[in-house]
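Student: next one to model:
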Amino acid sequence: MIRRKIKKIILLSLFTLIAAFTFSCKKETPHVVKYTTLGSTKSTVTYTDKNGNVQTVTNADTNWSTSFSSTDHGLILKLTALSNEGIVIGKIFIDDNQVAQSTGNTNYITISATLP
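Tutor: Coordinates of the predicted model:
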């Protein structure tokens, strides 16, 4: 009789632990990050990629963009652009929502955001 109760308690505890781990382990939903620049001439663009590394694009088109998916919550996103002439505008989007934009008043911009 006591052995049955102990087995029931052990089984119930095991199922409780499995359920607790199953529900506490959140599935990481990736966020889509998109950088865009718009300028009157080609520019040099630097940005933070999905691994936190800085990438540089020289002679980026006047209408340049790139995107990636990431589950690295807290990742600092940074976009800079330098145009030899004219003005340049930069934007950062997370999941199609604009989270940062430059003013577009100069030939150099730098903006940043944090991945939620």
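
Student: contacts, neighbours, all on C-alpha from now
Tutor: OK.

Student: helix or strand right after the helix or strand of the chain with the lowest mean pLDDT?
Tutor: Sorted by mean pLDDT, DSSP states H and E, the helices and strands of the chain end with helix 2-24, the least confident at a mean of 57. For helix 2-24, the succeeding helix or strand toward the C-terminus, using DSSP states H and E, is strand 31-39.

Student: residues near residue 66, how many?
Tutor: Neighbour count of residue 66, defined by other CA atoms under 10 Å: 11.

Student: from residue 59, how far off is it?
Tutor: Residue 66 sits 14 Å away from residue 59, going by CA to CA, to the nearest Å.

Student: check contacts around residue 79.
Tutor: By CA atoms under 8 Å, 6 or more residues apart in numbering, the contact set of residue 79 is 35, 45, 46, 47, 48, 90, 92, 109, 110, 111, 112.

Student: OK, contacts around residue 104?
Tutor: 87, 88, 89, 90.

Student: now do the same contact list for the spatially closest residue to residue 35 that is not a sequence neighbour.
Tutor: Leaving aside its sequence neighbours, residue 35 sits nearest to residue 92 (CA to CA, 6 or more residues apart in numbering; 4.8 Å). Going by CA under 8 Å, 6+ apart, residue 92 touches 33, 34, 35, 36, 79, 98, 99, 100, 101, 111, 112, 113.

Student: now distance to residue 52 too, for the residues you listed, in TSV please.
Tutor: Shown next, in TSV, are the contacts of residue 92 (distance: CA to CA, whole Å):
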residue	distance to residue 52
33	12
34	14
35	14
36	18
79	12
98	20
99	18
100	18
101	20
111	15
112	13
113	13
